[in-house]
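# only geometry, no sequence info:
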């Protein structure tokens, strides 16, 4: 059963996105059930290094991460998806008493919560469905426990600088003044490696991007012609980010909820940014949001970092 409130929010965001110049929309709307499945497929692609590189790094440093997790703590994961990397921490830190996965995709969240429940029967699992970029509350069941945030996957890179700072401030308020945050962030590297990672030869990332339009047709009453758009991924060196776009292949009109929106040939709907970081740049971002960089680990090439942020 679809959540009609989410459908309405998606429709409203999409209409606002198409009114902008240039047109752009939040990547959070990628993650319906099919989008979540496609993203999991992306993480297994040979070109897409972030997931396997981060997982390898997490497995290596897991004992050090676990040593900083208090007894009886609740692990709070933002954008949990399939919770695959979470298991690395759960296995290394049996002192955790609860796991709070947060995700906008109800289907992905429910499936992951069931799997974690089955595989870790001593662990309390309290899933929270919703948009963690907006005000959200922890479940009452974990009130009073120490909390550790977990935000892997370099999803922090999907925010702009201001948005990332706001998010980190929001997380600090949500988790509590004494909480820590374990966060993964991709590192700046050469253009070819980055662009291949977001434009794979098999076309899975293209399907993931185009699925946004398919979702818009199904849930928001739009009439996008999927054959009239193409996927584009490009490295913006000045802003240190990969940009994903859906490019209109011809002049066309798209209608949503009785409103018409014109696309010129070559005009794009900007669907995602994936900012990359330097260690110094990330430390400065964390400090601006009220955190102190506690520890950092950076993998061998293709470089990926895991940071632990602590209270100042």
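Cool, the structure landed. Because the structure is a prediction, the values reported are computed rather than measured. Numbers count the residues shown, from 1 in each chain.
# low-confidence ranges in this protein?
Low-confidence segments of the chain (pLDDT under 70): 1-6.
# Quick check, residue 181 in contact with residue 309.
Yes. Using CB atoms under 8 Å as the test, residue 181 is close enough to residue 309 to be in contact (4.4 Å). The C-beta positions use only the backbone N, C-alpha and C, and glycine is treated the same way.
# Find residues that contact each of the two.
When contacts are counted by CB atoms under 8 Å, 6 or more residues apart in numbering, the set common to residue 181 and residue 309 consists of 168, 291.
# domains in this structure, as residue ranges please.
Using automatic domain parsing, the domains assigned to the chain come out as 21-26+192-275, 49-189+276-310.
# And the ones you listed: which comes nearest residue 33?
Using CB to CB as the criterion, the shortest distance between residue 33 and the domains of the chain is 4.3 Å, found for domain 49-189+276-310.
# now that closest one: how far from the chain's centre is it?
11 Å (CA atoms, centre = their mean, to the nearest Å).
# So residue 181 and residue 309 - more neighbours on which side?
With other CB atoms under 10 Å as the criterion, residue 181 and residue 309 differ in neighbour count, and residue 309 comes out ahead with 28 against 24.
# SS state for the more buried one?
For residue 309, the secondary-structure state derived from DSSP: H, G, I helix; E, B strand; the rest coil is strand.
# mind starting the numbering at 4 from now?
From this message on, residue numbering opens at 4, which makes the last subject residue 312.
# and residue 191, how many neighbours?
15.
# doesn't residue 243 make contact with it?
Yes. Using CB under 8 Å, residue 191 is in contact with residue 243, at 5.6 Å.
# Return every residue with contacts to both of the two.
Jointly contacting residue 191 and residue 243 under the rule CB under 8 Å, 6+ apart are 279, 280.
# now the domains of the chain as JSON lines including distance to residue 18?
Below are these laid out as JSON lines (distance: least, CB to CB, whole Å):
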{"stretch": "domain 24-29+195-278", "distance to residue 18": "6"}
{"stretch": "domain 52-192+279-313", "distance to residue 18": "17"}
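# For residue 12, which of the ones you listed is the nearest?
Using CB to CB as the criterion, the shortest distance between residue 12 and the domains of the chain is 8.1 Å, found for domain 52-192+279-313.
# Start and end of that closest one, how far apart?
Across domain 52-192+279-313, the straight-line distance between its terminal residues is 27 Å, by CA to CA, to the nearest Å.
# center of the chain - which residue?
When CA atoms, centre = their mean is applied to the chain, the residue found nearest the centroid is residue 158 (3.7 Å).
# Pull out the buried positions in the biggest helix by length in the chain.
For the chain, the longest helix by residue count, based on DSSP state H, is helix 52-70. When burial is assessed from 16 or more other CB atoms under 10 Å, helix 52-70 yields the following buried residues: 52, 53, 54, 56, 57, 58, 60, 61, 64, 65, 68, 69.
# Check stretch 164-172 too.
Buried residues in stretch 164-172, counting neighbours by 16+ other CB under 10 Å, are found at 167, 168, 170, 171.
# What residue, apart from its backbone neighbours, is nearest the residue nearest to the centre of the chain spatially?
Nearest residue to residue 158 in three dimensions, chain neighbours excluded: residue 82, at 5.3 Å (CB to CB, 6 or more residues apart in numbering).
# hang on, the earlier thing: the helix or strand following the longest helix of the chain pairs with which strands, and in what direction?
Beyond helix 52-70 on the C-terminal side, the first helix or strand identified by DSSP states H and E is strand 77-81. Strands adjacent to strand 77-81 in the sheet, as given by DSSP bridges, are strand 101-106 (parallel), strand 150-154 (parallel).
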